[in-house]
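Colleague: Let's see this in three dimensions:
(chains A and B)
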Amino acid sequence: MGLDRRNFMKALGLTGVTLAAGNSLKAAPVKGEEVEFFGVLYDSTRCVGCQTCEITCAETHGFPAPTDAPTAGVIRKTSENCRTVVNLFNTSKGEVYTKNQCMHCNEPACVAACLTQAMYKTKEGPVIWRGNKCMGCRYCMVSCPFDVPKFEYFSSNPRIIKCDMCYDRIKEGKIPACAENCPAEAITFGTRRDLIREARKRIHDQPDVYADFIYGEDEVGGTGELYVSPVPPIESGFKTTLLNESYPSLSKGFLYTVPSVFVLVPVFLLGIHEATKNNHHNEGDDNE
Amino acid sequence: MKETTMSNHAIPVAKDNDGKNIWKFLVSEFKPKGKIFTPFNIISAPIILLGIVLIVIRFWKGIGSVTNLTQEVPWGLWIGFDVVTGVAFAGGAYVITFMVYILNNRKYHSIVRVTVLNGFLAYVFYAGALLLDLGRPWNVVNPIIGNSFGTNSVLFLVAWHFLLYMLAELIEFSPAIAEWLGAKRARKILSGMTIAAVIFGITLSTLHQSGLGALFLMARDKIHPLWYSEFIPVMFLVSSIFAGLSMVIFEGSISSRVFSSQISEKHHGEHNNIVISLSRICAGAMLAYFFLNVLVFIHDRHWDLLNTPMGYWYLLEMIGFVLVPMMLFFYSYRRKSLNLIKVAAIITMLGVILNRLNVTVIGFKWEEAVRYVPSWMELVITLTVIFTEIWIFRWVVRRMPVLRDSPLWAKDEK
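Modeller: This next block holds a predicted model:
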């Protein structure tokens, strides 16, 4: 359903500029074909804040190793040199860690924002950035509700930096570096459907350990990154004011009006022009 | 109307090519006309030179070397002012062409060319300023040609519309170029395309003026709730009407002084009437805009936010820069006071700048501990863009029949 809507909007946008479709529609999944997104489940009750995920991520993607450690009261952020961070929060149930990286939304705002398809939701689920298409407008950064994409401001050939769920490794049949190396097994890789089932099972089996929510199940229309935690989301650094519908749907209304405007306004204008033509003949004007 | 002869002026009235030797004519036209050491030149030339140096640094060392943009605030002055505000001010072209060619209201005919020229240059320079802000400008053709169409993006729509609208405005303006070059056949063909270009241009304008607002719809959680609503596109469209017309009034009051030798007596007289009529349209559009804002405010029920610093800022914008100039427009229209109209136009323009910056920069991530404030280098580059545009505008007005009358042959042609 979600995908259908996206493609419908694509088609709408095309109508809007009255252009031939090109290759963009070829990527649309065949109707009825099941799309199973991969995702990652992060379990705060298991995470010990060892930063192994940060270190292996930096090694895998060629970034400097982290120099600071998670500290309560300090929000560490991802940056153009770092795709993931773990933060520590003092909560009603003691210290709780939360990992931060791209959420790999089901219907990503960054992908809807991108006018060159550089930000791309792969059929496997990861949202990736493709440098050969990107023109560096940073509209993805403006649109992302999680402020995930980062930009290399001090480069003459800048890139957008964000977690890509180790898409290259997934294509080789491997799993993301952070999930593979987490010594506490706090990071689980799998299909989103299985991960939600697993998260429900954990919450059901140990109701004293887990708070009753899966962050990412409904937020912004569902994300590939899912979280379970001992405390409610507001205590461990999650954004709790986000919509439960997809962010591209916010500009849907506007895009829906485009084809009607393109058809109706010229007709309307031509009509007025014809209707008022006589005014112009009556005046003996000396202009062109 | 004969060619006005005002030989006592410092700047000679331009002559169009008589159609004989086009190369000789062009060479003579490319020589500077008018005084070189005017106050405007003395101020703008060094700023443009400095701006060019800074632009080189920007492409060499990266955007961060000249701007204060951050990972949280990726769009700053260049988008918020140059592009979003600049395009709103260029809205006069679609409003005036609507009145002249669609409503067939000949009253505004004498300002069509200068308004379209202004609009065209505004798009070329302010939308062109987008190139400075692109991190990877060598990929700028991707949304236009190739197989990388992000067709579900509002920015894709806006990019295409900028391009097509520039083309439409160029066609609308092209008869002036043909008259200047003495190209009679070309003028005939190009004039015949005017109505089509106008209809196409107005349609494009309604969509991309609102589209600039729609760009920010997905930034729902980042823009202050007093400025964010699902009606941003409508607000941007309605405000582009009075933003554009205020710019027409403002530009007209300057042009009529600077280029007075170009303007015939008849048009001088007409211009006052035009300005007075425009002030009424401005007031009407602002009334609609104000009413829309009140409706949206009541719907969103942000009463509690009014008694905060951002709330006072919002009230200042709505009352001081919408309601007050609106009433001033009404009042000066009834009193037929040109000076008050100019004051109202300037306040309105400041209000539009304020509004666009509030949505794009000031209200964006307003809770962030470290706020984005543009660097002096961003300001210099913005001024460079504006001054260069004015230089080109002046170059064209001094040569082509923009403010002055068309050559006789063009009028006879009909």
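Colleague: What count of nearby residues applies to B:F30?
Modeller: 10 (other Cβ atoms under 10 Å in any protein chain shown). Heads up, the C-betas are built off the backbone N, CA and C, glycines and all.
Colleague: Can you tell me the SS state at residue 257?
Modeller: With no chain named, the answer covers chain A. helix (DSSP: H, G, I helix; E, B strand; the rest coil).
Colleague: other chain: chain B
Modeller: Per three-state DSSP, B:R257 ends up helix.
Colleague: mind checking how far it is from B:V352?
Modeller: For B:R257, the distance to B:V352 equals 23 Å [Cβ to Cβ, to the nearest Å].
Colleague: where does the nearest residue to B:L383 once chain neighbours are set aside fall, phi/psi-wise?
Modeller: Spatial nearest neighbour of B:L383, chain neighbours left out: B:I47 (5.2 Å); criterion: Cβ to Cβ, 6 or more residues apart in numbering or on different chains. The phi and psi torsions at B:I47 (degrees, to the nearest 10) take the values phi -70, psi -40.
Colleague: Over to A:A275?
Modeller: Dihedral angles of A:A275 (phi, psi; degrees, to the nearest 10) stand at phi -70, psi -30.
Colleague: mind checking how far it is from chain B?
Modeller: As judged by Cβ to the nearest Cβ, to the nearest Å, A:A275 and chain B stand 9 Å apart.
Colleague: Contact partners for B:L69?
Modeller: For B:L69, the contact set (Cβ atoms under 8 Å, 6 or more residues apart in numbering or on different chains) comprises A:153, B:63, B:75-76, B:372.
Colleague: May I ask which of the residues you listed has the most neighbours?
Modeller: Using other Cβ under 10 Å as the neighbour test, the contacts of B:L69 are led by B:I63, with 26 neighbours.
Colleague: surely that residue meets A:N157?
Modeller: No - contact criterion Cβ atoms under 8 Å: B:I63 and A:N157 do not qualify, at 11.5 Å.
Colleague: Which residue ranges of chain B form strands?
Modeller: Assigned by DSSP state E, chain B shows no strands.
Colleague: Now the residue most central in space within it. Nearest residue, chain neighbours left out?
Modeller: Geometric centre of chain B, nearest residue: B:A90, 2.4 Å, by Cα atoms, centre = their mean. Of all residues not flanking B:A90 in the chain, B:A122 sits nearest, at 3.6 Å (Cβ to Cβ, 6+ apart).
Colleague: what pLDDT does whatever residue of chain B ends up closest to chain A get?
Modeller: Here chain B gets closest to chain A at one residue, B:G135, 2.4 Å apart by Cβ to the nearest Cβ. B:G135 carries a pLDDT value of 93.
Colleague: Roughly how far does it sit from B:L77?
Modeller: For B:G135, the distance to B:L77 - Cβ to Cβ - is 16 Å.
Colleague: ditto for B:L226
Modeller: For B:L226, the distance to B:L77 equals 21 Å [Cβ to Cβ].
Colleague: now swap in A:L41 and tell me
Modeller: From A:L41 across to B:L77, the span is 42 Å (Cβ to Cβ).
Colleague: Skipping adjacent residues, who's closest to the most centrally placed residue in chain A in space?
Modeller: In chain A, the centroid-proximal residue (Cα atoms, centre = their mean) is A:P108; its distance is 3.6 Å. Leaving aside its sequence neighbours, A:P108 sits nearest to A:V127 (Cβ to Cβ, 6+ apart; 5.1 Å).
Colleague: distance between stretch B:242-251 and the chain's centre?
Modeller: 9 Å (Cα atoms, centre = their mean, to the nearest Å).
Colleague: what stretches of the stretch 1-150 of chain A score poorly on pLDDT?
Modeller: Counting by pLDDT under 70, the stretch 1-150 of chain A shows low-confidence ranges at A:1-35.
Colleague: Would you map the strands across it?
Modeller: Counting by DSSP state E, counting those that start in this stretch, the stretch 1-150 of chain A has strands at residues A:38-43, A:85-91, A:94-100, A:119-121, A:127-129, A:150-151.
Colleague: Rebuild those as TSV, extending it with distance to A:L243.
Modeller: Below are those laid out as TSV (distance: least, Cβ to Cβ, whole Å):
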stretch	distance to A:L243
strand A:38-43	20
strand A:85-91	23
strand A:94-100	20
strand A:119-121	18
strand A:127-129	18
strand A:150-151	23
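Colleague: Any idea which of these gets closest to A:G271?
Modeller: Nearest of the strands of the stretch 1-150 of chain A to A:G271, taken as Cβ to Cβ: strand A:119-121 at 41.4 Å.
Colleague: and the closest one, which strands flank it?
Modeller: Partners of strand A:119-121 in the sheet, by DSSP bridges, are strand A:127-129 (antiparallel).
Colleague: which residues are contacting the partner strand?
Modeller: With Cβ under 8 Å, 6+ apart as the test, strand A:127-129 has contacts from A:102, A:104-105, A:108, A:110-111, A:118-122, A:149, A:159-162, A:164-165, A:167, A:224.
Colleague: Pick out the residue of chain A closest to chain B.
Modeller: Closest point on chain A to chain B, by Cβ to the nearest Cβ, is A:G136, at 2.4 Å.
Colleague: list the contacts for that residue?
Modeller: A:151, A:158, A:160, B:134-137, B:139.
Colleague: For those residues, could you give me JSON lines that also reports neighbour count and distance to B:K24?
Modeller: Formatted as JSON lines, these follow (neighbours: other Cβ atoms under 10 Å in any protein chain shown; distance: Cβ to Cβ, whole Å):
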{"residue": "A:F151", "neighbour count": "25", "distance to B:K24": "51"}
{"residue": "A:P158", "neighbour count": "21", "distance to B:K24": "48"}
{"residue": "A:I160", "neighbour count": "24", "distance to B:K24": "53"}
{"residue": "B:L134", "neighbour count": "17", "distance to B:K24": "41"}
{"residue": "B:G135", "neighbour count": "23", "distance to B:K24": "45"}
{"residue": "B:R136", "neighbour count": "21", "distance to B:K24": "44"}
{"residue": "B:P137", "neighbour count": "15", "distance to B:K24": "38"}
{"residue": "B:N139", "neighbour count": "20", "distance to B:K24": "42"}
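Colleague: Name the nearest of those residues relative to A:C140.
Modeller: The closest of the contacts of A:G136 to A:C140 turns out to be A:I160 (Cβ to Cβ; 6.7 Å).
Colleague: now the helices: where do they sit in the stretch 101-250 of chain B?
Modeller: Ranges of helices in the stretch 101-250 of chain B, per DSSP state H, counting those that start in this stretch, are B:112-122, B:129-133, B:154-181, B:184-192, B:194-214, B:232-258.
Colleague: Of the ones you listed, which stretch is the most buried?
Modeller: When you average the neighbours per residue for each of the helices of the stretch 101-250 of chain B (mean count of other Cβ atoms under 10 Å in any protein chain shown), helix B:112-122 leads with a mean of 26.
Colleague: Could the C-alpha coordinates of that helix be exported in CSV?
Modeller: Below are the C-alpha coordinates for helix B:112-122, written out as CSV (Å, rounded to 0.1, in the frame of the first residue of the first chain):
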residue,chain,number,x,y,z
VAL,B,112,4.7,45.3,-18.9
ARG,B,113,8.1,45.2,-20.4
VAL,B,114,10.1,46.5,-17.5
THR,B,115,8.2,44.2,-15.1
VAL,B,116,8.8,41.2,-17.3
LEU,B,117,12.5,42.1,-17.6
ASN,B,118,12.7,42.5,-13.9
GLY,B,119,11.0,39.2,-13.4
PHE,B,120,13.2,37.4,-15.9
LEU,B,121,16.4,38.7,-14.4
ALA,B,122,15.2,37.9,-10.9
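Colleague: That helix - what's its average pLDDT?
Modeller: If you average the pLDDT over helix B:112-122, you get 94.
Colleague: tell me what that helix is packed against?
Modeller: When contacts are defined as 3 or more Cβ pairs under 8 Å, 6 or more residues apart in numbering or on different chains; DSSP states H and E, helix B:112-122 packs onto helix B:86-89, helix B:92-97, helix B:154-181, helix B:232-258, helix B:376-397.
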